[in-house]
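Engineer: Got a predicted structure here, sequence first:
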Amino acid sequence: MSKPTTSGTRPTKKTRRGGADANTARLGFIGAGKLATSIITGLLSVRGQVDPKRIYISSPTTTNTETMKILYPAIHTSKRNIDIFGRFDCDIVFICCPPNVIHSLYKIGGTRPAALTTNYIPNMRHPVYIFSLVFGFNIDQIKDCLLNPENPGKYTAKFYRCVISHSIFYGIGHSYIDTEPDSEKFPNIVREILTRITTLEFVPGNHLDTVCVLVGSGIAFCYYFINSIADGAVKAGMPRNVAVKFAAKVAQSTSQTILTTGLMATQLKDDSSSPSGGAIFGQMILDKNEAASGLCGAIEASFKRSQALALNGAGGGDIH
């Protein structure tokens, strides 16, 4: 007599015949860095409404997973990536490891990379949707790290590449995907889950590395810019908490203006600057201190660093 199914085991093949839905799907994460933590936190928030028992994380170290277990004791963790596809049998998988991890697989694998999951993932009994958030590697390269080359046609796995912003942590993120999210090619089960905490937008795959840097590093630079504007208001006598609030509102309204009107930022900047007014004098100070070229250079430096992680395996850490 077979044992009854428990919350920690996968239902039998018979009960799985109809497939998982947005309320039952198991979500796996390979990697437990800042990005994975942001997505998981967003999913487990009130808006995400995902049961922690449906979250599965693999990471070679327990530094971040132990923290997550304290906050959400019901989540499942492992040090083995293969468990995400094998023992945990996840329906949706996010590849969140840094690019130097994938680089190392190609370095030690020779003509074909070594498997990210020690052994190639098993042929799943059900569809599995795999989302790569790894900078510098296309879908075919990620597939080569997961699928057995002897029988790739037997897999029901579907691959996508995407960029997800860290603000998903707060349930207000943006996601950019290489497949039109409203099309039949995009899985409805994933759409239903992600749209609870993020917007979905199509971006061609050849632009996703640039988007990755803009979204990842650009957020930090925007916080830096908002804080700098607030510093000026504090210098003029405004309390810091009030100054930061007003600076954030200015950033919010200007961004929304660009998105709503479709006008170029340069034109809107000129429209906001009166002749011989305070704004134009302030811009002269920014130009004198090369603020524009500094921000441009910061994006370039972030892109080059990400390339170094992907192409040379330099350093480590979560880059976006």
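Structural biologist: Noted; the coordinates are in hand.
Engineer: When you work out contacts or count neighbours from here on, use the C-alpha atoms and nothing else.
Structural biologist: Noted.
Engineer: Sheet partners, orientation included, of the lengthiest strand in the chain?
Structural biologist: Ranked by residue count and defined by DSSP state E, the top strand of the chain is strand 157-164. Looking at strand 157-164 with DSSP bridges, its partner strands are strand 128-132 (parallel), strand 173-177 (antiparallel).
Engineer: Can you list the neighbours in contact with it?
Structural biologist: 35, 124, 127-133, 138-139, 143, 173-179, 205, 208, 211-212, 215 (CA atoms under 8 Å, 6 or more residues apart in numbering).
Engineer: CA atoms only: put that strand into PDB for me.
Structural biologist: Extracted C-alpha coordinates of strand 157-164, given in PDB (Å, rounded to 0.1, in the frame of the first residue of the first chain):
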ATOM      1  CA  ALA A 157      11.500  22.000 -20.100                       C
ATOM      2  CA  LYS A 158      11.000  25.500 -21.600                       C
ATOM      3  CA  PHE A 159      13.600  28.100 -21.200                       C
ATOM      4  CA  TYR A 160      13.300  31.900 -20.900                       C
ATOM      5  CA  ARG A 161      15.800  34.700 -20.200                       C
ATOM      6  CA  CYS A 162      14.800  37.600 -18.000                       C
ATOM      7  CA  VAL A 163      15.900  40.500 -15.900                       C
ATOM      8  CA  ILE A 164      14.000  41.300 -12.600                       C
END
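Engineer: List the buried residues in that strand.
Structural biologist: Within strand 157-164, the residues that count as buried by 16 or more other CA atoms under 10 Å are 157, 159-164.
Engineer: Return the member of the residues you listed nearest to Thr41.
Structural biologist: For the buried residues of strand 157-164, the minimum distance to Thr41 (CA to CA) is 13.2 Å, reached by Ile164.
Engineer: Please read off the pLDDT at the closest one from the model.
Structural biologist: pLDDT for Ile164: 95.
Engineer: just Pro4 next, same as before
Structural biologist: Value listed for Pro4 in the pLDDT field: 39.
Engineer: now Asp318
Structural biologist: Reported pLDDT for Asp318: 41.
Engineer: Ok, Thr257 next?
Structural biologist: 95.
Engineer: can you tell me the helix or strand for it?
Structural biologist: For Thr257, the host element (DSSP states H and E) is helix 240-261.
Engineer: Could I get the buried residue list for that helix?
Structural biologist: 240, 243-244, 246-248, 251.
Engineer: next one: stretch 225-241
Structural biologist: 225-227, 229-231, 233-234, 240.
Engineer: and the biggest helix by length in the chain with helix 240-261, angle?
Structural biologist: Longest helix in the chain by number of residues (criterion: DSSP state H): helix 208-235. Here helix 208-235 runs at an angle of 140 degrees relative to helix 240-261 (axes from the mean of the first three to the mean of the last three CA atoms, to 10 degrees).
Engineer: now helix 208-235, how far from the chain's geometric center?
Structural biologist: When C-alpha coordinates are averaged (CA atoms, centre = their mean, to the nearest Å), helix 208-235 and its chain have centres 17 Å apart.
Engineer: for stretch 233-252, same thing?
Structural biologist: A distance of 29 Å separates the centroid of the chain from that of stretch 233-252, by CA atoms, centre = their mean.
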